[in-house]
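K.L.:
okay, here's the prediction I keep looking at, along with the sequence it came from:
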Amino acid sequence: MKKWIKGIVVIAFATAAIIGIVLAQAEKITIDNKYPKKVQTPVILSHRAHVAAVKDCTVCHHTWKKEERTTPQKCVECHKADDMGENGLKRVYHAQCQGCHKDLATQGKKTGPTAKCSGCHVSKTK
């Protein structure tokens, strides 16, 4: 009988810990990089929705080694805003985000914007 109660207590604590981690995530994230010729507004996205959909942090934070850092590094630490080449910040954001959304769309799954700039970049008049 005691083992049964201990099992329930362990499961309850584990569930509470997982819920706590999910709720501690920021709801909205704003991506507002300082590009040399910035023409678009920042991108605001739901981090919780992405965590729930993707589940593997390294899909977006591809170089994050959780055993070395408690938080992932920002993309701009490796991908520079003034780099207009293949590894430049703007190009990798668009490839990563649009690529994932397009993959989901071809699988018939619910996804975010895939093509129109205004799908991610909020209008300047709002």
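P.N.:
Thanks, I have the structure now. Keep in mind that what you see is a predicted model, and the values were worked out from it rather than measured. Numbering: from 1, shown residues only.
K.L.:
which SSE is immediately downstream of the helix or strand containing residue 8?
P.N.:
Element membership for residue 8 (DSSP states H and E) is helix 2-24. Where DSSP H and E defines the elements, the next helix or strand beyond helix 2-24 is strand 28-31.
K.L.:
pull the residues that contact stretch 64-72.
P.N.:
57-58, 61, 63, 73 (Cβ atoms under 8 Å, 6 or more residues apart in numbering). Where you see a C-beta, it was placed from the backbone N, CA and C, and this is true even at glycine.
K.L.:
next up, the contacts around residue 80.
P.N.:
88-89.
K.L.:
and the pLDDT at it?
P.N.:
Residue 80 is assigned 92 on the pLDDT scale.
K.L.:
switch to numbering from 104
P.N.:
Sounds good: first residue 104 from here, last item residue 183.
K.L.:
element containing it, please.
P.N.:
Here residue 183 is assigned to no helix or strand, by DSSP H and E.
K.L.:
which among the contacts of stretch 167-175 end up buried?
P.N.:
For these, a burial check counting by 16 or more other Cβ atoms under 10 Å picks out residue 164.
K.L.:
want to try a markdown table for the contacts of stretch 167-175, with secondary structure as columns?
P.N.:
Output for the contacts of stretch 167-175, formatted as a markdown table (DSSP: H, G, I helix; E, B strand; the rest coil):
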| residue | secondary structure |
| --- | --- |
| 160 | helix |
| 161 | helix |
| 164 | coil |
| 166 | coil |
| 176 | coil |
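K.L.:
now the contacts of stretch 167-175 in TSV, with distance to residue 193 and pLDDT?
P.N.:
Below are the contacts of stretch 167-175 laid out as TSV (distance: Cβ to Cβ, whole Å; pLDDT from 0 to 100):
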residue	distance to residue 193	pLDDT
160	22	88
161	22	87
164	18	88
166	18	85
176	18	85
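K.L.:
and the gap between residue 149 and residue 227?
P.N.:
Distance of residue 149 to residue 227, computed by Cβ to Cβ, to the nearest Å: 21 Å.
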